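Colleague: based on what follows, work out the 3D shape:
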Amino acid sequence: MRASEPIEAFRGAKLDAIVVGAGPAGAAAALAMRRSGIESVAVIDWPRRRRFAIGEAAAPGIAGLLERLGLDSRLERLGHRPCHGNVSFWGDADPRTVDFFRQGSAPGWHLDRAAFDRWLRDQARNAGARLLTPARLLEARRDGQVWRLLVGNGASAIELSARWILDATGRGAAVSRRLGARLHRVDHLLALAVIGRPAAEARFRGFTMIEAVEIGWWYGAQLPDGRAMMALMTDADIFRRNGLAFHQAWSATIEMRRFAAPASQADDPEIFLAATQFLDRAAGPGWLALGDALMALDPLSASGLTGALEDALAAAEVVAGSPGGTSDEGRLAVYAGRARATLENYLTGRLGIYATERRWRDSPFWRRRIAGGEDFGYYPRAQVESAA
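Modeller: Numbering: from 1, shown residues only. Alright, predicted model coming up:
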């Protein structure tokens, strides 16, 4: 990725839109806005350092979304691996295979996620979006039809203005919460992930593997560099209460231990938040949320990347508008309605999928989901927990 501009280059800038967060949602939104003719677009980001990134599985729909962004969807040219489908051990011990080709679909992808994210940011830069990193949005004040902003990098701070703010800060939804939105969580799912070694004779090579267990479920995929991503999905309280030993839990699986092994028994897993959560409002005057900041869904949905790109394209349409067309308020209302429909459809589907696994119906993890989540609350049938 090309270097960020110096912070002083942004002093006094008058932007059409500022995107806070340079992940896939933020980078794609900046790219889509530039493709839509928005003149001055900037992305600011405060990167978080981790040993590796997760979210390497991309559903087949990503190809069409990349093409709508004006990008080459042939990701094998960038070193990523096609994913031919999913194999799940869910509901019983027999494998169930979803083969994308047999369904008449394009392949999905197993990505080098860090490389994919860099590529998407570079495409936004190539299209004319400006990048400032590391940088945080320190203050945002509405002044008529524009935002007066204070942006800092820890050493200095500058003032600038923007007509629109796009919150792509991920699960923290930092900007939206500052502007009055409330974050709600449906559950407390965690992903405990390690990079492993695929078995020499691993079955299901080129497929994503899922195995349900009493305390949650496992995910496995072979990465483009030949290593394997392995993750255990379980609830935070189960993890804390049981003092869960990742390697012991892995050795107790039936299929995952045949698929791949942790690279080292000494490595602790990296822990990622994976809960279903959403904002109580998707947008307001001059701002909107997208990607995980808007709603973050269970990894079982495999919709993280495609959802981020869909949000980015929809957000760009809101900002670009059209001469003599719908007002800003009208476009924001359409955007919010789209988000609400997506959330409601997802929650209905989530309940249906988890209800098909009945082997451990009395264990805390499955009871919460099969019953509709009464332990943690289930939207819209019950009050959900506010994280604000």
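Colleague: show me the shaky parts of the stretch 251-388 of the chain.
Modeller: For the stretch 251-388 of the chain, the stretches with pLDDT under 70 are 322-324, 372-388.
Colleague: quick one: the strands in it?
Modeller: Assigned by DSSP state E, counting those that start in this stretch, the stretch 251-388 of the chain shows strands spanning 260-262, 270-273, 277-279, 283-284, 287-289, 295-296, 385-386.
Colleague: leaving aside the residues adjacent along the chain, what's closest to V334?
Modeller: Take V334 and drop its neighbours on the chain: the residue closest to it by Cβ to Cβ, 6 or more residues apart in numbering is T326, 7.5 Å away. Placement of C-beta: from N, CA and C, glycine included.
Colleague: could you identify which of the strands of the stretch 251-388 of the chain is most buried?
Modeller: Across the strands of the stretch 251-388 of the chain, averaging neighbours per residue (mean count of other Cβ atoms under 10 Å) puts strand 287-289 on top, at a mean of 28.
Colleague: list of residues touching it?
Modeller: For strand 287-289, the external contacting residues (Cβ atoms under 8 Å, 6 or more residues apart in numbering) are 147, 164-168, 173, 175-176, 179, 181, 279, 282-283, 294, 315, 318, 332, 335.
Colleague: the same query, at a cut-off of 10 Å, please.
Modeller: The contact list for strand 287-289 (Cβ atoms under 10 Å, 6 or more residues apart in numbering) reads 18, 20, 25, 29, 140, 142, 147, 162, 164-169, 173, 175-181, 278-279, 281-283, 294-295, 311, 314-315, 318-319, 331-332, 335-336, 339.
Colleague: just the buried ones out of the residues you listed, please.
Modeller: Buried residues within these, defined by neighbour count using 16 or more other Cβ atoms under 10 Å: 18, 20, 25, 29, 140, 147, 162, 164-169, 173, 175-177, 179, 181, 278-279, 281-283, 294-295, 311, 314-315, 318-319, 331-332, 335-336, 339.
Colleague: can you tell me the strand partners of whichever strand or helix holds V43 and which way each runs?
Modeller: Here V43 sits within strand 41-44, counting by DSSP states H and E. Using DSSP bridges, the strands paired with strand 41-44 are strand 14-20 (parallel), strand 130-132 (parallel).
Colleague: distance between that strand and the chain's centre?
Modeller: How far strand 41-44 lies from its chain's middle: 19 Å, per Cα atoms, centre = their mean, to the nearest Å.
Colleague: same deal with stretch 153-170?
Modeller: The answer for stretch 153-170 is 21 Å, by Cα atoms, centre = their mean.
Colleague: mind saving the C-alpha coords of it as PDB?
Modeller: Output in PDB follows, covering the C-alpha atoms of stretch 153-170 (Å, rounded to 0.1, in the frame of the first residue of the first chain):
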ATOM      1  CA  ASN A 153      -2.400  11.400  14.900                       C
ATOM      2  CA  GLY A 154      -1.200  11.600  18.500                       C
ATOM      3  CA  ALA A 155       1.500  14.200  17.700                       C
ATOM      4  CA  SER A 156      -0.600  17.000  16.200                       C
ATOM      5  CA  ALA A 157      -4.200  17.800  15.300                       C
ATOM      6  CA  ILE A 158      -5.800  19.700  12.400                       C
ATOM      7  CA  GLU A 159      -9.200  21.100  11.600                       C
ATOM      8  CA  LEU A 160     -11.000  20.300   8.300                       C
ATOM      9  CA  SER A 161     -14.600  20.100   7.100                       C
ATOM     10  CA  ALA A 162     -16.700  17.500   5.300                       C
ATOM     11  CA  ARG A 163     -20.200  17.400   3.900                       C
ATOM     12  CA  TRP A 164     -20.600  13.700   4.900                       C
ATOM     13  CA  ILE A 165     -19.100  11.400   7.500                       C
ATOM     14  CA  LEU A 166     -19.100   7.600   6.800                       C
ATOM     15  CA  ASP A 167     -18.500   5.400   9.800                       C
ATOM     16  CA  ALA A 168     -16.500   2.300   8.800                       C
ATOM     17  CA  THR A 169     -14.800   1.900  12.200                       C
ATOM     18  CA  GLY A 170     -15.900  -1.800  12.500                       C
END
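Colleague: tell me who's in contact with H110.
Modeller: Taking Cβ under 10 Å, 6+ apart, we find H110 in contact with 56-58, 75, 80-84, 206-208, 221-224, 228-229.
Colleague: and the buried ones among those residues, selectable in ChimeraX?
Modeller: Buried subset of the contacts of H110, written as a ChimeraX selection, criterion 16+ other Cβ under 10 Å:
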select :56,57,58,75,80,81,83,84,207,208,221,222,223,224,228,229
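Colleague: the contacts of H110 in strands, which ones?
Modeller: Mapping those onto strands (DSSP state E) picks out 57-58, 81-83, 208, 221-222, 228-229.
Colleague: can you add distance to L66 and give the residues you listed back as JSON lines?
Modeller: Below are the ones in strands among the contacts of H110 laid out as JSON lines (distance: Cβ to Cβ, whole Å):
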{"residue": "A57", "distance to L66": "15"}
{"residue": "A58", "distance to L66": "10"}
{"residue": "R81", "distance to L66": "16"}
{"residue": "P82", "distance to L66": "14"}
{"residue": "C83", "distance to L66": "15"}
{"residue": "T208", "distance to L66": "19"}
{"residue": "A221", "distance to L66": "20"}
{"residue": "Q222", "distance to L66": "22"}
{"residue": "A228", "distance to L66": "25"}
{"residue": "M229", "distance to L66": "22"}
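Colleague: picking that back up, could you dump the strands paired with strand 41-44 to CSV with distance to I44?
Modeller: Listed next are the strands paired with strand 41-44 as CSV, based on distance: least, Cβ to Cβ, whole Å:
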stretch, distance to I44
strand 14-20, 6
strand 130-132, 5
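Colleague: so for F272, which of those sits nearest?
Modeller: With Cβ to Cβ, the closest approach to F272 among those belongs to strand 14-20: 20.6 Å.
Colleague: buried residues in the closest one?
Modeller: Applying 16+ other Cβ under 10 Å to strand 14-20 flags 15-20 as buried.
Colleague: need the max-distance pair from those residues.
Modeller: Greatest spacing in the buried residues of strand 14-20, by Cβ to Cβ: D16 and V20 (14.7 Å).
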